[in-house]
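*Asks:* need coordinates for the following:
(chains A and B)
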Amino acid sequence: MSNPLAHYLIVSAALFSIGLAGALIRRNAILVLIGIELMLNAANLNFIAFWRYGKNPQALAGVMFVIFSIAVAAAEAAVGLALIIAIYRHYKTTQVDKLDQMRG
Amino acid sequence: MHWSFYIVAGLTIGSAIAAMSLRNIVHCALLLTITFAGLALLYLQLNAQFIALAQILIYIGAVAILIVFAILLTRGSDAAPASTRPLRGIACGVVIAIAAFATLARAIGSSAAIRQTSPAAQTATVRQIGQELMKNYIVPLEIVALLLTAALIGAAVIALQERRRSE
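*Replies:* Next up is the predicted model:
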């Protein structure tokens, strides 16, 4: 575990696990979205770490993937928060376990 | 590893844990900003300057502000603060997360592929990134532009719908 790539991968794994725990535990829909953002960021950190310490860093594929990933994550955050605001207008709550209208 | 890595990594992970565990949701959003800033510092340490600046501009400048606005617009639902999950649910989520982390850490520790790394410092200049975007990645770039336009228009339509119907 002395090489730097493993350190970055461990940090990324920790961030992913924290985001997963948050998305599973928290009841507020905004905090669930924050957990998903943390998981996406962990994936981005992995891409950059592998690009930097990979065998062929001349190829910019890692950087390109992160640029597109950030763009898609921004679109996801905008649509997700708009959905949360629409749900709040309708049900007057953002607690995810109170939104059980479709339960059979 | 340089000592600055441990400081930045500790700051990032600590603020992420705090952002996911604090009760006040505004504090969570502000700590999330610190997490994003720590990630930008990690990108700088990895020689990815453009990605670090994009992270600061997009995540701290746009996503964090968007989350704060969403919190302000949905305020009032948290008037009753007694909205914690039963202890069993929390324990279940934490156990799942720890299991995921243990699996990932084991895989990282035992992987042979990550031991053969090239230590040569390599940078991606903005010129290289721009040329790559205009040559090899031109179609994905256009698709992302279309996706962003559609997603932002869609977000505005979704958020406006309810008010228009009640008028």
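
*Asks:* for the chain, give me the ranges with low pLDDT.
*Replies:* The chain I'm using is chain A. Chain A contains residues with pLDDT under 70 at A:1-2, A:57-58.

*Asks:* correction: the question concerned chain B.
*Replies:* Checking chain B against pLDDT under 70 turns up B:1, B:76-85, B:117-121, B:161-167.

*Asks:* and with 90 instead?
*Replies:* Applying pLDDT under 90 to chain B flags the ranges B:1-3, B:21-25, B:46-48, B:73-91, B:93, B:108-129, B:132-133, B:136, B:158-167.

*Asks:* spatially central residue for it, please.
*Replies:* Nearest residue to the geometric centre of chain B (Cα atoms, centre = their mean): B:F36, 6.3 Å.

*Asks:* and that one, how far from B:A107?
*Replies:* 26 Å (Cβ to Cβ, to the nearest Å). (Each C-beta comes from the backbone N, C-alpha and C, glycine too.)

*Asks:* state the number of residues packed around residue 45.
*Replies:* By default, I'm working from chain A. 24 (other Cβ atoms under 10 Å in any protein chain shown).

*Asks:* you answered for a different chain; I wanted chain B.
*Replies:* Neighbours of B:Q45 (other Cβ under 10 Å): 19.

*Asks:* give me the spatial nearest neighbour of it, chain neighbours excluded.
*Replies:* B:F5 (6.2 Å; Cβ to Cβ, 6 or more residues apart in numbering or on different chains).

*Asks:* quick one: which helix or strand includes that neighbour?
*Replies:* Using DSSP states H and E, the element containing B:F5 is helix B:3-21.

*Asks:* report the buried residues of the next helix or strand after that helix.
*Replies:* Next helix or strand after helix B:3-21 toward the C-terminus (DSSP H and E): helix B:25-45. Buried residues in helix B:25-45, defined by neighbour count with 16 or more other Cβ atoms under 10 Å in any protein chain shown: B:25, B:28-45.

*Asks:* great, nothing more from me.
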